[in-house]
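Peer 1: Let's see this in three dimensions:
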Amino acid sequence: MQNVSVIISFDKAQGKFKCAINGQKFTTTKQQYIEYMFKQITGQKATFKEIEAMQKPASAEKFGINQRFGFVEKIVGMVATGVQPSTVITGQGGLGKTYTVMKTLKANGLEDFTEVVQKLPVGATINMNKVFVTVKGYSTPKGLYRTLFENQNATIVFDDCDSILKDPTALNLLKGALDSYSKRIISWNAESFGKDDELPRSFEFKGRIVFISNMDQDKIDQAIRSRSMMIDLSMTDDQKIDRMEHIAASDEFMPEYEAEIKADALALIREVKDECKEISLRTLISVAKIRAANPKDYKDLATYVLTN
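Peer 2: Numbers count the residues shown, from 1 in each chain. Here you go, the predicted model:
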């Protein structure tokens, strides 16, 4: 059989296979459709198991998951210090993307805006160059414009704000914020903001932006990708467990539990990974709690929780 490039992964959350055959990407819920697409793309006939066996490590897998998290720290550090205006970090949730970003921003001298406000004396001003602001959830284009204006000198972290990465108007605003020109001008030329709104029609944006998203990287608008450093943290189940092992080894993670408890929890998750409904740090925390509370007969209960 001729040499063919094959990448197949299964997204448990969506119940779909994500495939790339000779660079042509598609998603499906059926193995038979993968066989059909394989024949359409390559002109060769093969069963699903034969196609799956053709896989070679994807380009992202040339670098281990813990190494890629190391890249996150380096690139977010570049954003925090103004070397790079933005980065987009994609991958499944629940495995430390947000935690790594926040920790790295603080390590580079930035403070969390909400923490600064809480300890600030009345009447004092905030140096926005020295803080990061986190925005979570849904945002309209108008809401985005206000956020960019009010934090025009800060580092803004858009965490799971996928709506702004899909809306055409919001994308145009972001293009202005991420431009490579010496002056990045953002303009609003649509309808009025309202009588009581004093937002300007345009302003210069001097801030930096970190996007954290669960979207597939290839679904991010090309204009955003070309203006940002991209990091893909997509993981197989084994890589998720590898990442959890790395995190569990830290004294900062569940310090109230002994290392043996966390190791037993990880071993069980790896044992039943193919049946797990979800694999994330939340999974590890749940199993560790069960192991701690039921040291002699934890496996059945933990397996039930993991698989139902």
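Peer 1: Run a quick neighbour tally on the closest residue to residue 84 other than its chain neighbours.
Peer 2: Nearest residue to residue 84, sequence neighbours excluded (C-beta to C-beta, 6 or more residues apart in numbering): residue 78, at 4.2 Å. To be clear about C-beta, it is placed using only N, CA and C from the backbone, and glycine gets the same treatment. Residue neighbour count, defined by other C-beta atoms under 10 Å, stands at 16 for residue 78.
Peer 1: Can you check which helix is longest in the protein?
Peer 2: Longest helix in the chain, counting residues (DSSP state H): helix 65-80.
Peer 1: mind saving the C-alpha coords of that one as CSV?
Peer 2: In CSV, the C-alpha atoms belonging to helix 65-80 read as follows (Å, rounded to 0.1, in the frame of the first residue of the first chain):
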residue,chain,number,x,y,z
ILE,A,65,2.6,17.4,26.0
ASN,A,66,4.7,18.7,29.0
GLN,A,67,7.2,20.2,26.5
ARG,A,68,4.3,22.0,24.8
PHE,A,69,3.1,23.4,28.1
GLY,A,70,6.7,24.6,28.5
PHE,A,71,6.3,26.4,25.2
VAL,A,72,3.1,28.0,26.6
GLU,A,73,5.2,29.5,29.5
LYS,A,74,7.8,30.9,27.1
ILE,A,75,5.3,32.4,24.6
VAL,A,76,3.0,33.9,27.3
GLY,A,77,6.2,35.3,28.8
MET,A,78,6.9,37.0,25.5
VAL,A,79,3.3,38.5,25.5
ALA,A,80,3.6,39.6,29.1
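Peer 1: what does the average pLDDT come to for it?
Peer 2: Across helix 65-80, pLDDT averages out at 95.
Peer 1: buried residues in stretch 291-304?
Peer 2: Within stretch 291-304, the residues scored as buried using 16 or more other C-beta atoms under 10 Å are 291, 292, 298, 299, 302, 303.
Peer 1: ok, so what distance separates the residue lying closest to the third one once chain neighbours are set aside from residue 33?
Peer 2: What it means is residue 298. Nearest non-adjacent residue to residue 298, counting by C-beta to C-beta, 6+ apart: residue 291, 4.6 Å away. Separation of residue 291 from residue 33 (C-beta to C-beta, to the nearest Å): 40 Å.
Peer 1: do the same with residue 217
Peer 2: Where residue 33 is concerned, residue 217 sits at a distance of 22 Å (C-beta to C-beta).
Peer 1: How about residue 121?
Peer 2: From residue 121 to residue 33 the distance is 63 Å (C-beta to C-beta).
Peer 1: neighbour-wise, which of those two wins?
Peer 2: Taking neighbours as other C-beta under 10 Å, residue 121 and residue 33 compare with residue 33 leading, 15 against 5.
Peer 1: Wait, a helix at that one?
Peer 2: Yes. Assessed with DSSP: H, G, I helix; E, B strand; the rest coil, residue 33 lies in a helix.
Peer 1: mind checking pLDDT for it?
Peer 2: On the pLDDT scale, residue 33 is placed at 96.
Peer 1: Could you list the buried residues of stretch 202-210?
Peer 2: 203, 205, 207, 208, 209, 210.
Peer 1: Can you tell me what sits against it?
Peer 2: Under the criterion C-beta atoms under 8 Å, 6 or more residues apart in numbering, residues 76, 79-80, 82, 84-87, 89, 101, 105, 128, 132, 148-149, 151-158, 174, 176-178, 183-188, 228 lie in contact with stretch 202-210.
Peer 1: is it possible to export the buried residues of stretch 202-210 to a markdown table including secondary structure and distance to residue 27?
Peer 2: Shown next, in a markdown table, are the buried residues of stretch 202-210 (DSSP: H, G, I helix; E, B strand; the rest coil; distance: C-beta to C-beta, whole Å):
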| residue | secondary structure | distance to residue 27 |
| --- | --- | --- |
| 203 | strand | 40 |
| 205 | coil | 35 |
| 207 | coil | 35 |
| 208 | strand | 33 |
| 209 | strand | 28 |
| 210 | strand | 27 |
